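Q: task: produce atomic coordinates for the following.
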Amino acid sequence: MNTKSFINIFKNHCLNNNFEKNSFQKDLVIRLSKFTSHFNNKSSWLKRFFKSKEKRGYYVFGSVGVGKTMIINLYYEFINVNKKKYHFNQFMIDVHKFIHENQKKNHDNQNLLKKYADKLKSQYELIFLDEFQVTNIVDAMILGNLFDNIIKNNISVLITSNTSPENLYKDGLQRDQFLPFIKIIQNNLYISELRGNLDFRKKDITQIDRFFSPNNSANQFKINQIFHTITKNRKKINKNLIVKGRKLELKNFYDGIARFDFNELCDKNIGAEDYIELAKICKFIVIDNLPNFSDQNINQQQRFITLIDILYEHKIKLMMSCNVHIDKLESSNNLANVFKRTLSRIYQLTSPRN
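A: Sure thing, here's the model as predicted:
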């Protein structure tokens, strides 16, 4: 691997996909190219690391559509080391599962987090955490000790997020106990902000065929027609997803195509694990009656954000109905920043180009 090769990969990717480049992206690509040298001569790199305390990776943040995941994905594919990519939701599910399975052996949580980091070290030199966000106190209390052990194990880390490190878990419960984690990120990872007004995923989109508003009889008729057409030669299957004792009933499931009312997916005690199982068996999902969001239905909005993240990760096509146009969808105050990404992903998942 040489310094210029990753730069050329980025240039060719933008050229082939008609993406525009800006100075922030170019600067990050150059810095990542230089960071590649850390993965070359490993023995000498380790010596240099312990002498100079070289930083262990990158935390890349910025608003929706500025190219964070695109660039880090390219770099992740470029680096030839033992590595693992996680969506942040899936990563935390794995951590909680490890703790739950090993608590029976009378380990305290701090020791368990060290053991989890040791497990990562035995498998990977590099981990990539995409869509990093902290929205609950349980994750917030775990991350400090966990990342302290990850860094001590010399695991390199790539992170993408919509939020700068200092604004993570802002106004969260017991945030003072979360602040050491922020220091770990700032002290051990290069922090890089990407900026730009262009959302690549919305470029050249002139209409959105599968997002219907207002939610009136005419649009419901159109949705019913489309749904009937795409399920015409498919058998309706009675199916339930059971995850840790929770049941998600699929009342309208036609061998990979499913239809739900919004409340069936987001107004029940289900979450990321359930949505991941749903994404495994579906390639097209219809969601009726998407509401507008406010502080009064923040729990439903949080589930919806998680749902869209997972459907996007699995490239599931969507059709949706709502009383307001997607550009008019509102948010609760606390989730307004994260919801910008969700709106962009709805654009893509409901686009006729998807």
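Q: which parts of the stretch 151-300 of the chain are strands?
A: Chain-ordered strands for the stretch 151-300 of the chain, with DSSP state E, counting those that start in this stretch as the definition, fall at 156-161, 189-194, 211-212, 239-243, 246-250, 252-253, 257-261, 284-290.
Q: which non-adjacent residue is nearest the residue nearest the centre of the chain?
A: For the chain, the residue sitting closest to the mean C-alpha position, by CA atoms, centre = their mean, is residue 131 at 3.6 Å. When the adjacent residues along the chain are set aside, residue 131 lies closest to residue 88, with 5.2 Å between them (CB to CB, 6 or more residues apart in numbering). Yep, even glycine has a C-beta here, placed from its N, CA and C like the rest.
Q: pretty sure the one you found is touching residue 129, no?
A: Yes - with the criterion set as CB atoms under 8 Å, residue 88 and residue 129 qualify as a contacting pair; they are 5.2 Å apart.
Q: thinking again about what came up before, counting neighbours, what do you get for the residue nearest to residue 131?
A: 19 (other CB atoms under 10 Å).
Q: go on, residue 279?
A: A count of nearby residues for residue 279, using other CB under 10 Å, gives 18.
Q: domain parsing of the chain, as residue ranges.
A: In the assignment given by automatic domain parsing, the structural domains of the chain cover 3-194, 205-349.
Q: low-confidence stretches in this structure?
A: Segments of the chain classed as low confidence (criterion: pLDDT under 70) are 1-4, 18, 20, 40-53, 105-110, 196-208, 353-354.
Q: mind jotting down where the helices sit in it?
A: According to DSSP state H, the chain carries its helices in the segments 3-17, 23-35, 42-52, 68-78, 88-102, 109-123, 137-152, 179-188, 217-230, 262-266, 272-281, 298-313, 336-349.
Q: flag every buried residue along the last one.
A: What it means is helix 336-349. Applying a neighbour-count criterion of 16 or more other CB atoms under 10 Å, the buried positions in helix 336-349 are 337-349.
Q: then the first one?
A: By neighbour count on 16+ other CB under 10 Å, the buried set for helix 3-17 is 6, 9-10, 14.
Q: now render these as CSV, adding distance to residue 77.
A: Listed next are these as CSV, based on distance: CB to CB, whole Å:
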residue, distance to residue 77
6, 10
9, 9
10, 11
14, 15
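Q: now, which of these sits nearest residue 121?
A: For residue 121, the closest of these turns out to be residue 6, at 25.0 Å, with distances computed as CB to CB.
Q: so who does the closest one touch?
A: Contact partners of residue 6, counting by CB atoms under 8 Å, 6 or more residues apart in numbering, are 29, 32-33, 36, 74-75, 78.
Q: which among these count as buried?
A: Buried by 16+ other CB under 10 Å: 29, 32-33, 36, 74-75, out of the contacts of residue 6.
Q: rebuild these as CSV, extending it with distance to residue 279.
A: Supplementary listing: the buried ones among the contacts of residue 6 in CSV, determined by distance: CB to CB, whole Å:
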residue, distance to residue 279
29, 31
32, 30
33, 34
36, 33
74, 24
75, 25
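Q: out of those, who's nearest residue 146?
A: Where the buried ones among the contacts of residue 6 are concerned, and distances follow CB to CB, residue 146 has its nearest neighbour in residue 75, at 23.1 Å.
Q: from residue 226, how far out is that closest one?
A: 39 Å (CB to CB, to the nearest Å).
Q: same deal with residue 219?
A: From residue 219 across to residue 226, the span is 11 Å (CB to CB).
Q: overlap in contacts, these two.
A: Any residue near both residue 219 and residue 226 by CB under 8 Å, 6+ apart counts here, and not one turns up.
Q: turn the helices of the chain into CSV, including distance to residue 236.
A: Conversion of the helices of the chain to CSV gives the following (distance: least, CB to CB, whole Å):
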stretch, distance to residue 236
helix 3-17, 39
helix 23-35, 47
helix 42-52, 55
helix 68-78, 36
helix 88-102, 30
helix 109-123, 42
helix 137-152, 38
helix 179-188, 48
helix 217-230, 12
helix 262-266, 16
helix 272-281, 14
helix 298-313, 22
helix 336-349, 24
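Q: so which of these comes closest to residue 287?
A: Between residue 287 and the helices of the chain, the tightest spacing by CB to CB is seen for helix 262-266, at 5.7 Å.
Q: hmm, who's touching that closest one?
A: For helix 262-266, the external contacting residues (CB under 8 Å, 6+ apart) are 248-249, 251, 275, 287-291, 300-301, 303-304, 307.
Q: need those in TSV with neighbour count and distance to residue 120, can you?
A: Putting the contacts of helix 262-266 into TSV (neighbours: other CB atoms under 10 Å; distance: CB to CB, whole Å) gives the following:
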residue	neighbour count	distance to residue 120
248	18	30
249	12	36
251	13	40
275	26	24
287	24	35
288	20	41
289	15	42
290	22	38
291	19	39
300	18	34
301	24	32
303	22	28
304	23	30
307	26	27
